[in-house]
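# quick check, what structure comes out for this input:
(chains A and B)
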Protein chains: 2
Amino acid sequence: MYHVLTDQDIEKLVSMKSIVGAIERTFEEQANGTLVSPPRFRLETEQGDLVFTAGAATAIEKVIGFRVYDTYTNDLDGHEQLVCVFDSDTGVFKGIVIGNLLGAVRTGAIGGVAIKSMARTDAERLAVIGTGVQARTQLEAAVAVRDIKHVRVFSRNQENREAFAAQMMNQLEVEVVAVDSPKNCIRGADIVICATNSGTPVFDAEWLQPGVHINTVGPKSIKRHEVPIELGVRSSVIATDSIEQLKAYPTPHFLVGTPDEDRIIQLSEVVAGKTLGRKGQDDITLFCSVGLAGTEVVVANEIMKEAVDKE
Amino acid sequence: MYHVLTDQDIEKLVSMKSIVGAIERTFEEQANGTLVSPPRFRLETEQGDLVFTAGAATAIEKVIGFRVYDTYTNDLDGHEQLVCVFDSDTGVFKGIVIGNLLGAVRTGAIGGVAIKSMARTDAERLAVIGTGVQARTQLEAAVAVRDIKHVRVFSRNQENREAFAAQMMNQLEVEVVAVDSPKNCIRGADIVICATNSGTPVFDAEWLQPGVHINTVGPKSIKRHEVPIELGVRSSVIATDSIEQLKAYPTPHFLVGTPDEDRIIQLSEVVAGKTLGRKGQDDITLFCSVGLAGTEVVVANEIMKEAVDKE
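Below is the predicted model:
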């Protein structure tokens, strides 16, 4: 029988470690050519659109399915993303996830794979800028792949950063401290997670220490970017989950058109062992998260497996 | 809150009269240009595909959504069609229908609109060839739009036709008699519903009486067709729910390439009062059902309204 899961189920069922594992296997499929991820399909009307990202991972994960979401811009309750999963060997329907949390879990897990593949193996100090759901899932995934001992969090809103610190410390059983400036947050960090909606850089590249790895999840167009442009030149390795998508944005990515553009590599190539995610212990590495189509389906499938285990 | 409905809910909730009404309004939207129904979108893999028919009816029905189904050819349990419905004014998710029954209800209701628009208003004798789910929903819809008094049913399997007759007589409170030949079935009928999987004609055009209307739901390609080819020449009006789709089949429709091709009209034009569905009382009329994209969403929405009423 199939599953019908909502955000409440996701909260209960998510094991970030197993989801990071599923995303890693999906990147292996991408590197080996068994990930099918055609361009987005849009159903357009004058009032708003439905956008479909369909995909399949047919060799290891054996799933086919899609995510669909709307582009209506009102603030009404009841906007939901749907992720539907079918067995790619048989076509049998496995289930649907209804809600907006899965997308953040997915992006978090991709960030976790980037950290696992690119950050120093001895990384233990982590900085988070941002306190939204993306910041939360990125941190959960980081803790799943590295032995993180100290976390600092900054957001402009004191209440938000203190609530985030308290909640995450309780949940992850790791020291999480709210700090009052981005500089205090980043100083000494081995890993920086930037997950804001800021259109201007939220930190200065000078503050970074050698050997740091950065995940940027928020805005990264040439017009609006949460990280400093010079991070491109400073980074010895720059990776993304989809070069194709990174190069296809209507407003160009901040590295497109720079000399660094040609150095951007696919995270999947690192996962598959075809190239290095980190060259030297003191290098700076950068991961630009854009969101690879097809991965939502893999994450939904992984959560459905957890649901079966807990039944 | 959104709905999650299955075939069992559909069985309980379907009011064929209200669904025929919703399909009629959708044809009006088609005639007035507010029905959005782009070509199908396919996610293709070596093992099988997912096929999406997305659509929106934005003026009257105010729905946007899609149907998705798989093309895997195994006989496993668990293949499901999904129909998802959103509000086309707001983008808010209204619900999902999971199961294979909705498609047949939809095709039945389209057949009902054809009968309402094309059959004689005094039609009371109806012949059904076929006893599957399509035959059942076509008959349900016919009874919702005409004062049917006598029904005859034929299929090659005696057990099936007798079970169908007993079940439908009980359900519809109309006389339904199983007969032992297609000729006995069709003789004297005002309406003929042909809903088989036959690749060769299941009746002879000579058996039809003047004034009859025919719905053909099953195979109708030049290679495999359940109705006789000469039905085209014999019919004074030939309509379909989607000329575009009728002309787009890889194996051509049995009327494509004949002198009758250019006479085929859109059922929506009849519904909107732009052309006649029947010219004379003694004319033969023919409806070729192909299945207009977007209509599944309207039917699912109508059933969700029933679900609210019964809560």
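
# quick one: A:Arg136 from B:Gln158, how far?
Look at A:Arg136 and B:Gln158: by CB to CB, to the nearest Å, they are 65 Å apart. Placement of C-beta: from N, CA and C, glycine included.

# which one's more surrounded, those two?
When A:Arg136 is set against B:Gln158 and neighbours are counted by other CB atoms under 10 Å in any protein chain shown, the residue ahead is A:Arg136, at 21 against 10.

# nearest spatial neighbour of the residue of the stretch 151-300 of chain A found nearest chain B, chain-adjacent residues omitted?
Using CB to the nearest CB, A:Gly294 is the residue of the stretch 151-300 of chain A that sits closest to chain B, at 9.6 Å. Nearest residue to A:Gly294 in three dimensions, chain neighbours excluded: A:Gly55, at 2.3 Å (CB to CB, 6 or more residues apart in numbering or on different chains).

# cool, A:Gln134 as well?
Once its chain neighbours are removed from consideration, A:Gln134 has its nearest residue in A:Ala195; the separation is 4.2 Å (CB to CB, 6+ apart).

# next: A:Asp77.
The shortest distance from A:Asp77 to any residue other than its chain neighbours is 7.6 Å, reached at B:Val92 (CB to CB, 6+ apart).

# so that neighbour is in contact with A:His79, correct?
Yes. Here B:Val92 reaches A:His79: they are 6.2 Å apart, a contact under CB atoms under 8 Å.

# shared neighbours, the two?
A shared contact of B:Val92 and A:His79, defined by CB atoms under 8 Å, 6 or more residues apart in numbering or on different chains, is any residue touching both; here these are A:Tyr72.

# helices along chain A, start to end?
Along chain A, counting by DSSP state H, helices occupy A:7-13, A:16-32, A:101-118, A:133-145, A:158-172, A:182-186, A:231-234, A:243-246, A:267-271, A:295-309.

# can you tell me if the longest one touches chain B.
Put plainly, it is helix A:101-118. No. Figure legend: helix A:101-118 not in contact with chain B (CB under 8 Å from any CB of the partner chain); closest approach 14.1 Å.

# residue nearest the centroid of chain A?
Residue closest to the average C-alpha location in chain A (CA atoms, centre = their mean): A:Thr107, at 2.6 Å.

# and it, what does it touch?
Applying CB under 8 Å, 6+ apart to A:Thr107 gives the contacts A:134, A:137-138, A:217, A:289, A:291.

# count of residues packed around the residue nearest to A:Gln134?
Once other CB under 10 Å is used to define contacts, A:Ala195 is seen to have 27 neighbours.

# equivalent analysis for A:Val128, please.
By other CB under 10 Å, 30 other residues sit near A:Val128.

# could you do A:Asp122 as well?
Each residue near A:Asp122 was counted by other CB under 10 Å, and the total is 10.

# ok, the residue lying closest to it once chain neighbours are set aside - contacts?
Leaving out its chain neighbours, the residue that sits closest to A:Asp122 by CB to CB, 6+ apart is A:Asp190, at 7.7 Å. If a contact means CB under 8 Å, 6+ apart, then A:Asp190 has A:119-120, A:122-126, A:209, A:211-213 as its contacts.

# the residue in the stretch 101-250 of chain A that chain B sits nearest to and A:Val14, how far apart?
Residue nearest to chain B within the stretch 101-250 of chain A: A:Leu102 (14.1 Å; CB to the nearest CB). Distance check for A:Leu102 against A:Val14: by CB to CB, it reads 9 Å.

# okay, those two: which has more neighbours?
Neighbours per residue, other CB under 10 Å: of A:Leu102 and A:Val14, the larger number sits with A:Leu102, 25 against 21.

# so who does the more buried one touch?
Applying CB under 8 Å, 6+ apart to A:Leu102 gives the contacts A:7, A:10, A:81, A:83, A:296, A:299-300, A:303.

# per-residue pLDDT of the residue lying closest to A:Gly103 once chain neighbours are set aside, please?
Ranked by CB to CB, 6+ apart and with sequence neighbours excluded, the top spatial neighbour of A:Gly103 is A:Gln81, at 5.9 Å. The predicted structure scores A:Gln81 at 96 on the pLDDT scale.

# from what I can see A:Ala114 touches A:Asn215, true?
Yes. Under the criterion of CB under 8 Å, A:Ala114 makes contact with A:Asn215 at 5.8 Å.

# and the two? Which one has more around it.
A:Ala114 (32 against 28).

# for that one, list the residues it contacts.
With contacts taken as CB under 8 Å, 6+ apart, A:Ala114 has the following neighbours: A:213, A:215, A:239, A:241, A:267, A:277, A:287, A:289.

# next, give phi and psi for the residue nearest to A:Gln134.
Listed backbone geometry of A:Ala195 is phi -140, psi 70, with angles given as degrees, to the nearest 10.

# any idea how far A:Ile19 is from it?
Using CB to CB, which is the criterion applied here, A:Ala195 is 17 Å from A:Ile19.

# A:Pro201 too?
For A:Pro201, the distance to A:Ile19 equals 30 Å [CB to CB].

# in space, what's closest to the residue in chain A sticking out farthest from the centre - neighbours in sequence excluded?
For chain A, the largest distance from the centre (CA atoms, centre = their mean) belongs to A:Glu46, which lies 31.4 Å off. The shortest distance from A:Glu46 to any residue that is not its chain neighbour, by CB to CB, 6+ apart, is 7.1 Å, and that residue is B:Thr58.

# quick one, phi psi at A:Ile212?
Wrong residue type there; residue A:212 is Val, not Ile. The phi/psi pair for A:Val212 (degrees, to the nearest 10) reads phi -80, psi 150.

# from memory it sits against A:Val192, does it?
Yes. Applying CB under 8 Å, one finds A:Val212 in contact with A:Val192, separated by 6.0 Å.

# give the contact list for A:Thr200.
A:224-226.

# what about 10 Å?
A:Thr200 sits next to A:219, A:224-226, A:228 when contact means CB atoms under 10 Å, 6 or more residues apart in numbering or on different chains.

# and A:Asn170, how many neighbours does it have?
The burial count for A:Asn170: 9, using other CB under 10 Å.

# same question, the one 5 residues further on
Around A:Glu175 there are 13 other residues, counting by other CB under 10 Å.

# which residues does it bridge with?
A:His150 (DSSP bridges).

# that one contacts A:Val151, doesn't it?
Yes. Counting by CB atoms under 10 Å, A:Glu175 sits close enough to A:Val151 to count as a contact (6.5 Å).

# any shared contact partners between those two?
Between them, A:Glu175 and A:Val151 share the contacting residues A:165, A:168-169, judged by CB under 10 Å, 6+ apart.

# next one: phi and psi at the residue nearest to A:Asp77?
B:Val92 has phi and psi values of phi -70, psi 140 when expressed as degrees, to the nearest 10.

# who touches it in this structure?
Neighbour list for B:Val92: A:70, A:72, A:74, A:76-80, B:2, B:85-86 [criterion: CB under 10 Å, 6+ apart].

# would you reformat those as TSV and include neighbour count?
What follows is these, written out as TSV (neighbours: other CB atoms under 10 Å in any protein chain shown):
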residue	neighbour count
A:Asp70	24
A:Tyr72	21
A:Asn74	11
A:Leu76	10
A:Asp77	7
A:Gly78	13
A:His79	19
A:Glu80	23
B:Tyr2	17
B:Val85	27
B:Phe86	31
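
# okay, among the residues you listed, which ones form the most distant pair?
A:Asn74 and B:Val85 (17.6 Å; CB to CB).

# much appreciated, bye for now.
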